[in-house]
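Asker: mind looking at a prediction? Sequence and model below.
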Amino acid sequence: MRAEDLEEASAVCMASFMAAVAPSLSPLGVETFAGIVSADGFANRMSDENDMFVFELAGRVVGVAELMGGQHVATLFVRPDCQGQGIGRVLMGALLACARGDLVTVRASLGSVPSYERYGFRVSGPVGEYAGLVYQPMERALARP
């Protein structure tokens, strides 16, 4: 992700979130998420500790992924009209290639649990809630040579 991608990356995340996740959350959860994926939110997290990717089609950002600290999937979103084309799988591959350590975690939205299971993650604890965001903790062990 580059600085010039921030606005478009934020828009992709919000479009996907509003279509799939927001209807099941409180206004607080929607507000919390909007702050996390705002252009400023992404800009504040750009560092050597975080790996951030976009997937582009025809010069437009259609997918966004972020791995925090080499261990935690913070975002993985694909524009709703581009889902089902393998973009999420490509982005997850990029995140896993950057992982540092033997375990990658995610706080998956409840509707995204089956997708993360297809990526090799498993449920690792009870459903939780943070600032209105409801999530399922999941993890994936990495095979290291």
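Answerer: That came through, no problem. Numbers count the residues shown, from 1 in each chain.
Asker: hey, what's the residue positioned nearest the centre of the chain bridged with?
Answerer: In the chain, the C-alpha nearest the mean C-alpha coordinate belongs to Thr75, at 1.6 Å (CA atoms, centre = their mean). Note on Thr75: beta-bridge partners Glu66, judged by DSSP bridges.
Asker: how far away is Pro80 from Arg140?
Answerer: Separation of Pro80 from Arg140 (CB to CB, to the nearest Å): 25 Å. Heads up, the C-betas are built off the backbone N, CA and C, glycines and all.
Asker: low-scoring stretches of the protein, by residue?
Answerer: Residues of the chain that meet the criterion pLDDT under 70 lie in 144-145.
Asker: would you map the helices across it?
Answerer: For the chain, applying DSSP state H gives helices covering 6-20, 27-36, 39-45, 87-98, 113-118.
Asker: would TSV of the ones you listed with mean neighbour count and distance to Gly63 be doable?
Answerer: Formatted as TSV, the helices of the chain follow (neighbours: other CB atoms under 10 Å; distance: least, CB to CB, whole Å):
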stretch	mean neighbour count	distance to Gly63
helix 6-20	19	7
helix 27-36	16	17
helix 39-45	15	14
helix 87-98	18	4
helix 113-118	15	13
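Asker: more crowded one of Pro80 and Arg140?
Answerer: Taking neighbours as other CB atoms under 10 Å, Pro80 and Arg140 compare with Arg140 leading, 20 against 15.
Asker: ok, and the closest non-adjacent residue to that one?
Answerer: Distances taken as CB to CB, 6 or more residues apart in numbering put Phe121 closest to Arg140, at 4.4 Å, once the chain neighbours are dropped.
Asker: would you confirm that the one you found contacts Leu142?
Answerer: No: between Phe121 and Leu142 there is no contact under CB atoms under 8 Å: 11.2 Å.
Asker: more neighbours, the two?
Answerer: Counted by other CB under 10 Å, Phe121 and Leu142 do not tie: Phe121 has more neighbours, with 23 against 14.
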